[in-house]
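> Just need the structure, nothing else, for what follows:
(chains A and B)
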Protein chains: 2
Amino acid sequence: MLCNHFLHSPISILSPSPSPSPSSRSKLKLFVSNSAMDDGGSSKFKEFPFVSNPHKNLMLDLVSTLENRFHSHLLPSTLPSHVQYYQNPTATAQASLHIRSAHAHSPIDFILGSWVHSELPTGGSLDITSISGYLNSSNDAPNFVFEMIRSSPTMLVLILDLPPRKDLVLWPDDLKTFYEDTQLDKHRKALEALPEVQPYFSSSLYIRTVASPTAIMVRIQTQNDGGERMEEIIRDHLDPISKQVLSIWLDHCACAKREVGEAERAYLKKRDGIIRNKTIEIDLGSSFPRLFGSEVANRVLEVIKEYFSV
Amino acid sequence: MLCNHFLHSPISILSPSPSPSPSSRSKLKLFVSNSAMDDGGSSKFKEFPFVSNPHKNLMLDLVSTLENRFHSHLLPSTLPSHVQYYQNPTATAQASLHIRSAHAHSPIDFILGSWVHSELPTGGSLDITSISGYLNSSNDAPNFVFEMIRSSPTMLVLILDLPPRKDLVLWPDDLKTFYEDTQLDKHRKALEALPEVQPYFSSSLYIRTVASPTAIMVRIQTQNDGGERMEEIIRDHLDPISKQVLSIWLDHCACAKREVGEAERAYLKKRDGIIRNKTIEIDLGSSFPRLFGSEVANRVLEVIKEYFSV
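Coordinates of the predicted model:
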């Protein structure tokens, strides 16, 4: 999931220099031991140095819940340090990227986290934090996507979704299993009951297309109080709702026992591949170059493609 | 498209008595000549006796635009008169249904229109009017759906969409052709700029799933002025926007020259079939029996299935 309305996405936080990373993910998996780095190579990522405490605490809780649950599955990050942390030449933008692949027998393909802090020409700053979980084709359950985009102390966009990996029209049983039986929609409803919360429509029809029918895509606008009410909303509403949705994903999607036949695996690979390529295309083709220059886009493409290939 | 939140859908307006209709649509097409009924057997349907003038005028304009454009394609209605018009035993609900199939070489499969007027137990009344266009598998373009649900003079739900017939994730070119290049989203945006208009989320996740990324699903709530402002909104906003969206559907979807291979036809038939069965299931399984009793559901199923079979 990316949010080109705001010129950013989880994969927009990338190094501008050529990557010395290995040429294939299988190599990554072969040559890196689980104990190589105790924090999974994520020290800079987990600093979240520019966001408020409620925002940072929520991100850290989501990341640690995800990493603890799949502790034995996840390999340490092998991203080069200048991709794990990066700032532009004028130091008006800083960013951190965190990707951890899982071992070959895990239902997890990889998890991807990021933060970006960018000074705005109009004053103020833009802060985006995200964490996503991508499954591989041995599991046909939805992925997990979480993104907070804060363009002022009183304005925040939240994207929280379990985007389906199959056409739910052709698989109505999946609609029931993952979205109806789990009562996902009640979390969207709870949030939209707040007077400061409005539905958010991405300017990208592609982003709307990949979203699930229970996607939480909201714009939160609070009164001009310096951000006090927004912090309250993050702490009292976004925090518990996000954790409940992540918990549903972990229990009912990522850890679900699913029978996936050969034909269905091929279908998942095709559909996952299209989504991932489209994500890269939209991101590197428009928003990312505007932030970091077109040279970066090409350099970064090769690194990202290692993880996004299916 | 149906709207079980309001216990209704376009196909909820049906006769409670067994249908004497022919046993297959091919028979309908064989034995009815185009000149049999000059108005297509739609006199009662086109009365729209319970809605305001702006509402009625809009419906009549949409229906006549559709019927005039496909005049040479459409066969007259062969619905029995007690399905064309129906009222319940206590006369608290009246309804009209209008279905016209097209000839075998038309891109149109059938068009379906309806109105229902029902007295509410709380006083006041519920009025639903709808018109839809379904394409057949020689054309892979989206269908057309229009529905107005008015539960009081000051409350209206509008559903206006070109629901896709293919998974837009797997066919991103279709997303571009039918939704981006046609600038469909500008009509949704124009409507949502009105202060009385809010996004509407159907309680049915299935309905959200079949909707397009530019679907107009809105709830319009006006101040307590007896409905004056609502009539103004219908006349000045819903009327032109609905006609523009229908025009896009006619020019860029229904009349588009599309190459549809054998495999794709099979895919369309499968997906169309699932959607139509699910529509009948949700409607006859929940909302329709609540309005007309469970006996009607089974009786009507056979009539409707004639048209909904692919």
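> How are the strands of chain A distributed by residue range?
A:85-87, A:93-101, A:108-119, A:125-135, A:144-152, A:155-161, A:197-199, A:216-221 (DSSP state E).
> Let's have those in JSON lines, adding mean pLDDT and distance to A:Val210.
From N, CA and C alone the C-beta is placed, and that goes for glycine too. As requested, these are exported to JSON lines (pLDDT from 0 to 100; distance: least, CB to CB, whole Å):
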{"stretch": "strand A:85-87", "mean pLDDT": "80", "distance to A:Val210": "27"}
{"stretch": "strand A:93-101", "mean pLDDT": "88", "distance to A:Val210": "20"}
{"stretch": "strand A:108-119", "mean pLDDT": "91", "distance to A:Val210": "16"}
{"stretch": "strand A:125-135", "mean pLDDT": "94", "distance to A:Val210": "12"}
{"stretch": "strand A:144-152", "mean pLDDT": "96", "distance to A:Val210": "9"}
{"stretch": "strand A:155-161", "mean pLDDT": "98", "distance to A:Val210": "9"}
{"stretch": "strand A:197-199", "mean pLDDT": "97", "distance to A:Val210": "17"}
{"stretch": "strand A:216-221", "mean pLDDT": "98", "distance to A:Val210": "11"}
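> Out of those, which is closest to chain B?
In terms of CB to the nearest CB, the element of these nearest to chain B is strand A:197-199, at 4.6 Å.
> quick one: which of the strands of chain A is nearest B:Glu228?
Proximity to B:Glu228 (CB to CB) singles out strand A:197-199 among the strands of chain A, at 26.9 Å.
> Please list the outside residues in contact with that closest one.
A:191-192, A:217-221, B:199 (CB atoms under 8 Å, 6 or more residues apart in numbering or on different chains).
> residues of it that come out buried?
Using 16 or more other CB atoms under 10 Å in any protein chain shown as the test for burial, strand A:197-199 gives A:197, A:199.
> Determine how far that strand lies from the middle of the whole chain.
Remark: strand A:197-199 is offset 21 Å from the chain centroid, using CA atoms, centre = their mean, to the nearest Å.
> and what of stretch A:240-251?
Here stretch A:240-251 is found 14 Å from its chain centre; the criterion is CA atoms, centre = their mean.
> which residues touch A:Pro142?
A:135, A:162-165, A:178, A:212, A:249, A:253.
> Revised request: answer the last question for A:Ala254.
A:69-70, A:107-108, A:133, A:135, A:139, A:141, A:144.
> With distance to chain B and neighbour count as extra columns, can I get those residues in TSV?
TSV is the format used below for the contacts of A:Ala254 (distance: CB to the nearest CB, whole Å; neighbours: other CB atoms under 10 Å in any protein chain shown):
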residue	distance to chain B	neighbour count
A:Arg69	27	18
A:Phe70	26	20
A:Pro107	21	22
A:Ile108	21	21
A:Gly133	19	27
A:Leu135	16	25
A:Asn139	18	21
A:Ala141	16	22
A:Phe144	17	25
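> How about exporting stretch A:206-216 as PDB, limited to the C-alpha atoms?
Provided in PDB are the C-alpha atoms of stretch A:206-216 (Å, rounded to 0.1, in the frame of the first residue of the first chain):
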ATOM      1  CA  TYR A 206      -5.400   1.700  -8.000                       C
ATOM      2  CA  ILE A 207      -5.000   2.100  -4.300                       C
ATOM      3  CA  ARG A 208      -8.800   2.100  -3.900                       C
ATOM      4  CA  THR A 209      -8.900  -1.000  -6.100                       C
ATOM      5  CA  VAL A 210      -6.500  -3.100  -4.000                       C
ATOM      6  CA  ALA A 211      -8.200  -2.100  -0.700                       C
ATOM      7  CA  SER A 212     -10.500  -4.500   1.100                       C
ATOM      8  CA  PRO A 213     -14.200  -3.800   1.700                       C
ATOM      9  CA  THR A 214     -13.400  -3.100   5.400                       C
ATOM     10  CA  ALA A 215     -10.400  -0.900   4.700                       C
ATOM     11  CA  ILE A 216      -9.900   1.900   7.200                       C
END
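> Next, see if that stretch gets close to chain B.
Yes - using CB under 8 Å from any CB of the partner chain, stretch A:206-216 comes into contact with chain B via A:206, A:208-210, A:213-214.
> hmm, who's touching that stretch?
A:1-4, A:142, A:158-164, A:168, A:175, A:179, A:184-185, A:187-188, A:191, A:201-202, A:217, A:241, A:245, A:275, A:278, A:282, B:168-169, B:172, B:175, B:205-206, B:208-209, B:213.
> Among those residues, which are located in helices?
Of the contacts of stretch A:206-216, the ones assigned to helices by DSSP state H are A:185, A:187-188, A:191, A:241, A:245, A:275, A:278, A:282, B:172, B:205-206, B:208-209.
> What is the nearest of those residues to A:Gly226?
Closest approach to A:Gly226 among the ones in helices among the contacts of stretch A:206-216 (CB to CB): A:Leu191, at 22.5 Å.
> interface residues of the stretch 201-310 of chain A facing chain B?
Within reach of chain B by CB under 8 Å from any CB, the stretch 201-310 of chain A has these residues: A:201, A:205-206, A:208-210, A:213-214, A:270-271, A:274-275, A:278.
> Now with 6 Å, please.
A:205, A:208-210, A:213 (CB under 6 Å from any CB of the partner chain).
> Of these, just say which sits nearest to B:Glu262.
A:Thr209 (26.2 Å).
> what's the spacing between the closest one and A:Arg271?
In this view, A:Thr209 and A:Arg271 are 12 Å apart by CB to CB, to the nearest Å.
> among the contacts of strand A:197-199, which ones are buried?
For the contacts of strand A:197-199, buried by 16+ other CB under 10 Å: A:191, A:217-218, A:220, B:199.
> farthest pair in those residues?
A:Ile220 and B:Pro199 (15.2 Å).
> And the residues of stretch A:206-216 next to chain B, which of them are buried?
The buried subset of those (16+ other CB under 10 Å) comprises A:206, A:208-210, A:213-214.
> With pLDDT as extra columns, can I get those in TSV?
What follows is these, written out as TSV (pLDDT from 0 to 100):
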residue	pLDDT
A:Tyr206	94
A:Arg208	96
A:Thr209	97
A:Val210	96
A:Pro213	98
A:Thr214	98
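> May I ask which two of those are separated the most?
A:Tyr206 and A:Thr214 (18.8 Å).
> Next, count neighbours for the closest residue to A:Ser52 other than its chain neighbours.
Closest residue to A:Ser52 apart from its sequence neighbours, by CB to CB, 6 or more residues apart in numbering or on different chains: A:Glu231 at 5.6 Å. Counted with other CB atoms under 10 Å in any protein chain shown, the neighbours of A:Glu231 add up to 17.
> With A:Leu58 instead?
Around A:Leu58 there are 24 residues (other CB under 10 Å).
> how many neighbours does A:Leu250 have?
By other CB under 10 Å, neighbour count at A:Leu250 equals 17.
> can you pull the pLDDT of the residue nearest to it when sequence neighbours are not counted?
Closest residue to A:Leu250 apart from its sequence neighbours, by CB to CB, 6+ apart: A:Arg69 at 5.5 Å. Looking at A:Arg69, its pLDDT stands at 97.
> Stretch A:248-268: end-to-end distance?
21 Å (CA to CA, to the nearest Å).
> how much space between A:Pro199 and B:Pro76?
Computed as CB to CB, the A:Pro199 to B:Pro76 distance reads 43 Å.
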